[in-house]
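*Asks:* Got a predicted structure plus its sequence, pasted below:
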Amino acid sequence: MSVTNPILCAIDTAELARAQALVAGVRDVVGGIKLGLEFFTANGPAGVREVVDPETPLFLDLKLHDIPNTVARAVRSVAALEPLLMTLHTAGGPAMMEAARNAADLVASEGKRRVKLLGVTVLTSLDDGDLSAIGQQGPVGEQVRRLALLARDSGLDGVVCAPLEVAALREVCGPDFLLVVPGIRPAGAASGDQKRVMGPRAAIQAGADYLVVGRPITEAAHPAAAVQAILNELL
């Protein structure tokens with residue numbers, strides 16, 4: 001899948017005014033804005049509307065994980081925001097993912113934007129040791145592959161995965177399955193709490209559709225210039 005501007009800027013703050021300032025500074029140079037749990041639990045749908053205008057693609061990263069009926073209702077509840085992308089945990093199982101997909105289809109039949117549902121595979125802050133600690137069989141790459149295929153077979157539009165898994169997932173999941181990739185660290189950026197990272201150009205070459213980038217942009221002295229630097233790496 002070809003995406004004109006693959007950069008989704010992660011706005012990871014609970015402060016409404018800071019989020020507004022960050023979005024205002026980058027919305028004209030990024031492909032979309034990601035708002036997650038930190039922002040959503042503090043400000044709710046009303047806060048989303050204040051920060052992201054209807055013309056700006058929205059990635060709503062809520063990582064839903066509950067019984068199928070609850071997740072389906074949650075998908076319907078955020079329909080008014082018309083996000084481009086939204087996340088749920090693949091570990092919720094096929095019935096939960098299918099319920100979410102059916103809810104998204106129903107919303108679309110009522111005239112709203114059809115949100116693209118992304119399954120979260122293994123968080124980029126986890127490695128093989130972490131999986132072992134919580135009783136999951138590793139290595140990470142195999143677990144990611146298993147969950148990605150489950151998401152595809154359950155009707156989701158794509159998955160969130162670490163950049164190191166992109167090439168393998170593109171091969172097994174096909175060209176039209178969305179791969180949205182955090183753990184992107186441009187030249188000179190620190191890894192922070194991310195354990196499975198890659199540069200932006202390498203991730204795109206491996207088959208990523210969207211790159212989720214937060215702190216290397218939002219903590220830069222000039223966020224828009226930081227975005228442009230990443231775009232230059234992609235040339």
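*Replies:* Everything's here; your move. What you see is a predicted model; the values in this text were computed from it and never measured.
*Asks:* Endpoints of stretch 72-86, how far apart?
*Replies:* Separation of the first and last residues of stretch 72-86 by CA to CA, to the nearest Å is 12 Å.
*Asks:* got a list of contacts for that stretch?
*Replies:* Identification of contacts with stretch 72-86 by CB atoms under 8 Å, 6 or more residues apart in numbering yields 8, 32, 45, 48-49, 54, 57-62, 64, 66, 99-100, 102-104, 106-107, 110, 112-113, 115-118, 178, 180, 210. Every residue, glycine included, has its C-beta placed from N, CA and C.
*Asks:* List the buried residues of whichever strand in the chain runs longest.
*Replies:* Looking across the chain with DSSP state E, the single longest strand is strand 58-64. For strand 58-64, a neighbour-count test (16 or more other CB atoms under 10 Å) marks 58-64 as buried.
*Asks:* Give me the buried subset of the contacts of stretch 72-86.
*Replies:* By 16+ other CB under 10 Å, the contacts of stretch 72-86 give 8, 32, 48, 57-62, 64, 99-100, 103-104, 107, 113, 115-118, 178, 180, 210 as buried.
*Asks:* Strands along this protein, start to end?
*Replies:* For the chain, the strands defined by DSSP E cover 7-11, 32-36, 58-64, 85-89, 116-120, 158-160, 178-181, 210-213.
*Asks:* Output the ones you listed as a markdown table; include the columns mean pLDDT.
*Replies:* Converted to a markdown table, the strands of the chain look like this (pLDDT from 0 to 100):
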| stretch | mean pLDDT |
| --- | --- |
| strand 7-11 | 97 |
| strand 32-36 | 97 |
| strand 58-64 | 97 |
| strand 85-89 | 98 |
| strand 116-120 | 97 |
| strand 158-160 | 97 |
| strand 178-181 | 96 |
| strand 210-213 | 96 |
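*Asks:* could you dump these to a markdown table with distance to Ser77?
*Replies:* Below are the strands of the chain laid out as a markdown table (distance: least, CB to CB, whole Å):
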| stretch | distance to Ser77 |
| --- | --- |
| strand 7-11 | 21 |
| strand 32-36 | 15 |
| strand 58-64 | 10 |
| strand 85-89 | 11 |
| strand 116-120 | 14 |
| strand 158-160 | 21 |
| strand 178-181 | 22 |
| strand 210-213 | 23 |
